[in-house]
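*Asks:* Show me the folded form of this:
(one chain, ligands or ions: 1)
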Amino acid sequence: MTTKATSYLTHFRNIGIAAHIDAGKTTTTERILYYTGRTHNIGEVHDGAATMDWMEQERERGITITAAATTAKWKHSATGEEYTVNIIDTPGHVDFTIEVERSMRVLDGAVAVFDSSQGVEPQSETVWRQADRYGVPRIAFSNKMDKTGASFELVLSDIRERLGAIPAPIQYPMGQESDFKGIIDLVRQRAHTYTNDLGTDIEETDIPEQYMDKVREMRAQLIEAAAEVDEAVMDKYLEGEEPTVEELVSALRKGTVEKKIFPVLCGSALKNKGVQLLLDAVVDYLPSPLEVPAIRGHIEDSEETRDFPADPDGKLAALAFKIMADPYVGRLTFVRIYSGTLSSGSYVFNASKGKRERVGRLLRMHANSREDVTELKAGELGAVIGLKDAGTGNTLIGDGDEKVLLESIDVPEPVIKL
Ligand code: GDP
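*Replies:* Next comes the predicted model:
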């Protein structure tokens, strides 16, 4: 429920990018971070590096994405509204299945990346099933549209047949393989054509005539998927009328949050602007922390449970989901705050370990900087410096509060050195 205290959360998205190895997860994540970091001035730049070339520097140092959760700001291209998008790192290799599962617990939605020249591969299926198990709403990104053998239709039919899911194509590629020239937005009915090879420039136009037949066919698939979950769209569909953009977005969003349909995008992570449209879709179709079921806590020494809906004024309930050793500040404990507010300098109780601990500094990790903050509120993710005993999967509650353990996957994990 949205109240005055929780209204900030409507503009929050906590997402993961899930893919099997080589589908393009790293490239997609880097592009998102690069693009959001470049277009938004997000605090001081770490190490004095210029925002523009941080990605190159990271590359040279052989490091890609170093934080377990990175905070990015994104202004929706169509509505102009600003959103906070927290990107949670989901390990992409099958050997890290447990880690993937643990990260699934702290995100509210995911982008599933597929290699469009391969369709849905067995490993992508594994990641998809894990997301199913944790009830994570998803949008799918059919990546590598520029690669030999790329086929958007293959990805759509594989989603239907191999994953047994209903794809809602919200985009269509203009050309495929070496002819890949841009993306048609089937919801807003606009064409986005790359005007240079790198894809850093794009021209937005009406849909070129030559694609109109295909667009009609794909939009019929899209509207049919939306009609499955929304009566207003269904009524219009049966009357042979077109839904408005707002009606379509709202119906698709509802279907995605309910995990009944999966919006599918296409593009190439190597081209910046495709990533822009992907970020718009994250905002349009993936849920805010207010739209997902509240996390459940088990009250110690009892059979009782208690839900913790996202509310900064509620009792503190946070989950530590990753421990990293940082060369500058030491041990970093990444946390998701489900309820309440975590303040720097305060004491918390680690209900998993039965220990009282002092919170030192709190950091919000950006792609190219770290921001010291005095508090992290319900729905937010960040890193704590100063917790000595917290391990992955541990529950943190207010000092003196009733002891609860949040539902999590409690698996011991070694500290990862950066
Ligand atoms: P990950 O293992 O899923 O993180 O995949 P990477 O992001 O590391 O990408 C694997 C390989 O595919 C790299 O060589 C990328 O340069 C390449 N790649 C990623 N996205 C695209 C794309 O859109 N088109 C093409 N042609 N190659 C891509």
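*Asks:* Please spell out which residues along stretch 262-282 are buried.
*Replies:* 262-282 (16 or more other Cβ atoms under 10 Å). For every residue, glycine as well, the C-beta is placed using N, CA and C.
*Asks:* Can you report how many residues lie near K259?
*Replies:* 14 (other Cβ atoms under 10 Å).
*Asks:* can you check L316 too?
*Replies:* 23.
*Asks:* Please apply the same query to R105.
*Replies:* 18.
*Asks:* one step back: mind checking which of the buried residues of stretch 262-282 land in helices?
*Replies:* Within those, residues falling in helices by DSSP state H are N272, K273, G274, V275, Q276, L277, L278, L279, D280, A281, V282.
*Asks:* Export those as JSON lines, with columns for distance to the ligand and pLDDT.
*Replies:* Listed next are those as JSON lines, based on distance: Cβ to the nearest ligand atom, whole Å; pLDDT from 0 to 100:
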{"residue": "N272", "distance to the ligand": "11", "pLDDT": "66"}
{"residue": "K273", "distance to the ligand": "12", "pLDDT": "69"}
{"residue": "G274", "distance to the ligand": "8", "pLDDT": "72"}
{"residue": "V275", "distance to the ligand": "10", "pLDDT": "86"}
{"residue": "Q276", "distance to the ligand": "14", "pLDDT": "88"}
{"residue": "L277", "distance to the ligand": "14", "pLDDT": "92"}
{"residue": "L278", "distance to the ligand": "12", "pLDDT": "95"}
{"residue": "L279", "distance to the ligand": "16", "pLDDT": "96"}
{"residue": "D280", "distance to the ligand": "18", "pLDDT": "96"}
{"residue": "A281", "distance to the ligand": "16", "pLDDT": "97"}
{"residue": "V282", "distance to the ligand": "18", "pLDDT": "98"}
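*Asks:* what's the longest helix in this protein?
*Replies:* From DSSP H, the single longest helix across the chain is helix 212-229.
*Asks:* which residues are contacting that helix?
*Replies:* Applying Cβ atoms under 8 Å, 6 or more residues apart in numbering, the external contacts of helix 212-229 come out as 156, 166-170, 172, 184, 186-187, 189, 207, 233-234, 237, 242-243, 248, 251-252, 254-255, 258, 260-261.
*Asks:* List buried residues within the residues you listed.
*Replies:* 156, 166-170, 172, 184, 186-187, 207, 233-234, 237, 243, 248, 251-252, 254-255, 261.
*Asks:* Tell me which of those fall in strands.
*Replies:* Using DSSP state E, the members of the buried ones among the contacts of helix 212-229 that fall within strands are I166, P167, A168, P169, Y172, I184, I261.
*Asks:* How about the last one: which residues does it bridge to?
*Replies:* Taking DSSP bridges, one finds I166 as the beta-bridge partners of I261.
*Asks:* what ranges do the helices span in this protein?
*Replies:* Counting by DSSP H, the chain has helices at residues 25-39, 54-60, 97-106, 122-133, 152-161, 212-229, 231-239, 245-257, 272-285.
*Asks:* in the fourth one, what's buried?
*Replies:* Using 16+ other Cβ under 10 Å as the test for burial, helix 122-133 gives Q123, S124, V127, W128, Q130, A131.
*Asks:* distance of the second one from A19?
*Replies:* To tie it back to what came earlier, the one meant is S124. 7 Å (Cβ to Cβ, to the nearest Å).
*Asks:* Keep the buried ones among the contacts of helix 212-229, but drop any that are not near the ligand.
*Replies:* By Cβ under 6 Å from any ligand atom, no member of the buried ones among the contacts of helix 212-229 lies near the ligand.
*Asks:* Roughly how far does the residue nearest to L107 when sequence neighbours are not counted sit from D108?
*Replies:* Closest residue to L107 apart from its sequence neighbours, by Cβ to Cβ, 6 or more residues apart in numbering: G16 at 4.3 Å. Counting by Cβ to Cβ, the separation of G16 from D108 is 9 Å.
*Asks:* ok, the residue of the stretch 151-300 of the chain found nearest the ligand - contacts?
*Replies:* Residue of the stretch 151-300 of the chain nearest the ligand, by Cβ to the nearest ligand atom: S268 (3.3 Å). When the contact criterion is Cβ under 8 Å, 6+ apart, the partners of S268 are N143, K144, M145, D146, F180, G199, G274.
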